[in-house]
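Engineer: can't give you the sequence, but here's the structure:
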Ligand code: AMP
């Protein structure tokens, strides 16, 4: 089934303790679409500037990402720069240049409006809401957000949360959004705001799925060569939503498997700069890590 994503398409500059990369293709929607494209066709809604490179368009088309909803506006593409500290978990944002996103109004082509699966990647909550007003009865809508919006746009964030089915965020954001230091209490509070399904990412410690009253925990694949964590969250979301859209169901069993697929994709993402490690994966590569993750939690009979 088709999968719609709205989010950022960006040029990222990244500094890690070992290396640096300048102006590589990134953005929440790019990581998401690249990961999800291994499972299902993706409909992308975003904006780029007139400086966006032809080869990046060609790459997305090659990955079977529909670009009918990608607007090109006069001006510069969104740019973001971040630096990771020695532990590779903490990161500081050096700049966020919204550029063409400042005036962006998402407009869904007619062919996108009945997409059964929708992901509202990390952009302003008003823009996420504008997308929800244009879709007709999707089967499952999930969203992402970040501290920038939790503290900067709490009211619009509450509004969009009240109309989605799933929220994919990290543990620090759960605490910030709920005001609770206990993650389980915080999760219940957030469920009361709207989404019945929460996926709480805990970096190298895996991901927790809270679906109605049930819990499922998936470890992170033991990556030993951590190169660049940028986009791992969006890549996780792409694997998660891509898998759900592929099988076309959102019951408890599918959600659990989707978390495992999301974790497998994210584990590849961090092994190179930008999308380099997830662009050319094969089904066998993905299955290998899915099998490894399930083996890590299997108990002897
Ligand atoms: P993550 O590592 O999952 O937080 O995702 C990093 C990606 O998000 C980068 O490719 C950035 O271009 C993009 N990004 C960073 N800040 C924002 C923002 N405020 N709005 C939208 N996208 C952003």
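Structural biologist: Nice, thanks for sending it over. Owing to the predicted nature of the structure, the values given are computational and were not obtained by experimental measurement. Numbering: from 1, shown residues only.
Engineer: is stretch 223-240 in proximity to the ligand?
Structural biologist: Yes: under the criterion of Cβ under 6 Å from any ligand atom, stretch 223-240 makes contact with the ligand via 230, 231, 232, 233, 234. To be clear about C-beta, it is placed using only N, CA and C from the backbone, and glycine gets the same treatment.
Engineer: which residues touch residue 167?
Structural biologist: If a contact means Cβ atoms under 8 Å, 6 or more residues apart in numbering, then residue 167 has 142, 143, 144, 145, 161, 190, 195, 197, 198, 199 as its contacts.
Engineer: what about the nearest residue in space to the first one that is not next to it in sequence, how many neighbours?
Structural biologist: Using Cβ to Cβ, 6 or more residues apart in numbering and skipping the chain neighbours, the partner closest in space to residue 142 is residue 166 (3.4 Å). As a burial measure, the neighbour count of residue 166 was computed by other Cβ atoms under 10 Å and equals 27.
Engineer: and residue 266, by the same measure?
Structural biologist: 30.
Engineer: got it, and the one 3 residues further on?
Structural biologist: A count of nearby residues for residue 269, using other Cβ under 10 Å, gives 29.
Engineer: count of neighbours near residue 109?
Structural biologist: 13.
Engineer: for residue 62, see how far away the spatially most central residue of the chain is.
Structural biologist: With distances taken as Cα atoms, centre = their mean, residue 234 lies nearest the centre of the chain, 2.4 Å away. Using Cβ to Cβ, to the nearest Å, residue 234 is found at 19 Å from residue 62.
Engineer: surely residue 206 touches residue 222?
Structural biologist: No: using Cβ atoms under 8 Å, residue 206 is not in contact with residue 222, being 10.6 Å away.
Engineer: give me the residue from the stretch 201-301 of the chain nearest the ligand.
Structural biologist: Going by Cβ to the nearest ligand atom, the ligand is nearest to residue 233 of the stretch 201-301 of the chain, at 3.3 Å.
Engineer: let me see the mean pLDDT of the strand or helix carrying that residue.
Structural biologist: Taking DSSP states H and E as the definition, residue 233 sits inside helix 232-247. Averaging pLDDT along helix 232-247 gives 98.
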